[in-house]
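**Student:** Show me the folded form of this:
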Amino acid sequence: GAGAFTYVGQSFGYTTAPVITVTAQDASNATTTRYAGSLWRITNASLTGKTYAAATGTLATTGLPGTDPVIAGGAGTGTLTFGSGSGLLFSRSAPAAPFEADIGLSINVIDADGVAYASNPVSFGAATSGNGIAFSAGKSMRFGRLLLQNAHGTQQIDLTIPVEAQYWSGTVWQRNVADNCTSLPATSLAKGNATGGLNAGSLSVGAWSNGAGTLTLAKPGDGSQGSVDITVNLGGTANANACPAWTPAATASNLSWLRGQWCGGAYDRDPL
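**Tutor:** Now for the predicted structure:
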């Protein structure tokens, strides 16, 4: 995350990977050491009912590893270790007020012979307030967007353009002062639709602090009076997606969780 929170749509991982320790026992509760090799019968196919549940929001699990949990064992004991892969994330649609990522994980531990843990399912955390699994950037989730403000000035000096990360409070958009590490590559900026020769000015990115930063458009000099459109490619492809239907080439910054509803019905547009 970009602070002690995560944006809705941004991936996050476990603070500590969930691990189940299993022990095969005989009728007298002694460890069955021959439960090993070809006789080790717990497999990913035998495990059932793996479920991630969230108290709030729609959780996407497509970033989880293909083989999960990773199973290791021998001599009657073993571990089932869960990974977060490229991360879990909450699906991004309509703005939501800040919420906590209270997520529970559960699974039925059963082996290929049908031998099952008596207290199935095994659970980590719960999808209830205050009882979820711990995650790397804390549990706070904020629905964000990047606001690129208008600016004007003389052609004789560089033009400073304010930009800020915002989040939906539940009633209004406000600056996300907790965001101290969002970074915009200079190559992700694009300009176009210029009048009066302003397209000649280069763009640069200033310092970022407390959810706010600046872009700078270099002065065009005498004889250049007009306007120019500027956008930031927050997506993952080689072109920005600004409004109205403006898709200039720019390096992907992979910050899609900061796109906004600048036109249309979805929060999938770059600021302009």
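
**Student:** now the helices for the stretch 1-150 of the chain?
**Tutor:** Taking DSSP state H, counting those that start in this stretch as the criterion, the stretch 1-150 of the chain carries no helices.

**Student:** All the strands of it, in order from the start?
**Tutor:** Under the criterion DSSP state E, counting those that start in this stretch, the stretch 1-150 of the chain carries strands at the ranges 6-7, 19-23, 48-54, 59-60, 70-74, 77-81, 89-90, 99-100, 103-108, 122-124, 140-142, 144-148.

**Student:** would you turn those into a markdown table with mean neighbour count, mean pLDDT and distance to residue 214?
**Tutor:** From N, CA and C alone the C-beta is placed, and that goes for glycine too. Below are the strands of the stretch 1-150 of the chain laid out as a markdown table (neighbours: other CB atoms under 10 Å; pLDDT from 0 to 100; distance: least, CB to CB, whole Å):
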| stretch | mean neighbour count | mean pLDDT | distance to residue 214 |
| --- | --- | --- | --- |
| strand 6-7 | 27 | 94 | 21 |
| strand 19-23 | 14 | 97 | 46 |
| strand 48-54 | 15 | 96 | 37 |
| strand 59-60 | 16 | 95 | 33 |
| strand 70-74 | 15 | 95 | 46 |
| strand 77-81 | 17 | 97 | 45 |
| strand 89-90 | 24 | 95 | 29 |
| strand 99-100 | 18 | 95 | 31 |
| strand 103-108 | 20 | 97 | 37 |
| strand 122-124 | 17 | 96 | 43 |
| strand 140-142 | 23 | 95 | 22 |
| strand 144-148 | 22 | 97 | 11 |
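
**Student:** Mind putting the ones you listed into TSV with distance to residue 197?
**Tutor:** Formatted as TSV, these follow (distance: least, CB to CB, whole Å):
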stretch	distance to residue 197
strand 6-7	38
strand 19-23	63
strand 48-54	52
strand 59-60	46
strand 70-74	60
strand 77-81	60
strand 89-90	43
strand 99-100	48
strand 103-108	54
strand 122-124	61
strand 140-142	41
strand 144-148	22
